[in-house]
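Undergrad: Generate a structure from the sequence data that follows.
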Amino acid sequence: MNLPQKSSSFEDFAGQVVIYTEIGNARCAKGRDLLHREGVPYTDVSLDSFPQHTQEIFDRTGTEVLPQIFFNNIYIGNEADLERVIGEKNKWESLIEHVRREKCTNGPIVPHPMNAIGFEEYDNENNNKCCEEVLWVPDEYSKLVRDMKNAQLIKNNRVKLKVYRNSFKGEQLIEWLMRQKGIREFFRGASENIL
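TA: This next block holds a predicted model:
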């Protein structure tokens, strides 16, 4: 059996690997990192963007703990369960071969990006241009960048004779975060302690 190469892509697999996650969860990040490290292409379904799928995942797994990982219709569990399976060479190779050869039947439903919470805002910002081939859903970072652009924090900045395009200055970002996002004086105290 051939394990996935570090450059495996979705085209290399007839089936699908799906990981259900939430924003800011270190265990979810570890699950994604494990899949990435093993070269397994996966679809990340953030329940922050797709809360309508929370009940389906609970019904399939019996737990609300995230992440939850599926290889086609085979329920793996969370990131610790995935790590255990990766450590069992024969089981891992068999699982990879299954996803490589078998189409997904009765597996979890991967939602369409247009059904994500907040997708309409991004679609409208891009003049209703939607590419069906690109499965992209705004995450917390893209939302932050959008807010920073709207606040005109991201712009061309000059430092001495050099111009940095589409950049921001740290002090302006900190002031904006404190003012707009409700983050208190922690930054000022932290930066003074560093100096």
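Undergrad: Now for the spatially most central residue of the chain: which residues touch it?
TA: Closest residue to the average C-alpha location of the chain: residue 44 at 5.5 Å, with C-alpha atoms, centre = their mean. Residues in contact with residue 44 (C-beta atoms under 8 Å, 6 or more residues apart in numbering) are 19, 21, 32. For glycine as for every other residue, the C-beta is placed from the backbone atoms N, C-alpha and C.
Undergrad: The first one should be in a helix, yeah?
TA: If I follow you right, that is residue 19. No. Using DSSP: H, G, I helix; E, B strand; the rest coil, the assignment for residue 19 is strand, not a helix.
Undergrad: any idea which of the contacts of residue 44 is closest to residue 180?
TA: Residue 180 lies nearest to residue 21 out of the contacts of residue 44, by C-beta to C-beta, at 26.1 Å.
Undergrad: Identify the bridge partners of the closest one.
TA: residue 46 (DSSP bridges).
Undergrad: Could you measure from it over to residue 12?
TA: Separation of residue 21 from residue 12 (C-beta to C-beta, to the nearest Å): 23 Å.
Undergrad: Could you check which of those two has the larger neighbour count?
TA: residue 21 (23 against 15; other C-beta atoms under 10 Å).
Undergrad: separation between that one and residue 36?
TA: For residue 21 relative to residue 36 (C-beta to C-beta), the value is 13 Å.
Undergrad: Next: residue 49.
TA: 20 Å.
Undergrad: Those two: which is more packed in?
TA: residue 49 (24 against 12).
Undergrad: still on that earlier bit, ok, the contacts of residue 44 vs residue 168, which is closest?
TA: residue 32 (26.4 Å).
Undergrad: Now name the helix or strand holding that closest one.
TA: helix 26-37 (DSSP states H and E).
Undergrad: Take that helix, keep the C-alpha atoms, and write them as PDB.
TA: Coordinates of each C-alpha in helix 26-37 appear next as PDB, following Å, rounded to 0.1, in the frame of the first residue of the first chain:
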ATOM      1  CA  ALA A  26      -6.400  24.100  20.000                       C
ATOM      2  CA  ARG A  27      -7.600  20.400  19.700                       C
ATOM      3  CA  CYS A  28      -9.100  21.300  16.300                       C
ATOM      4  CA  ALA A  29      -5.900  22.900  15.200                       C
ATOM      5  CA  LYS A  30      -4.000  19.800  16.300                       C
ATOM      6  CA  GLY A  31      -6.400  17.600  14.200                       C
ATOM      7  CA  ARG A  32      -5.800  19.700  11.100                       C
ATOM      8  CA  ASP A  33      -2.100  19.700  11.700                       C
ATOM      9  CA  LEU A  34      -2.000  15.900  12.000                       C
ATOM     10  CA  LEU A  35      -3.900  15.500   8.700                       C
ATOM     11  CA  HIS A  36      -1.700  18.100   7.000                       C
ATOM     12  CA  ARG A  37       1.500  16.500   8.400                       C
END
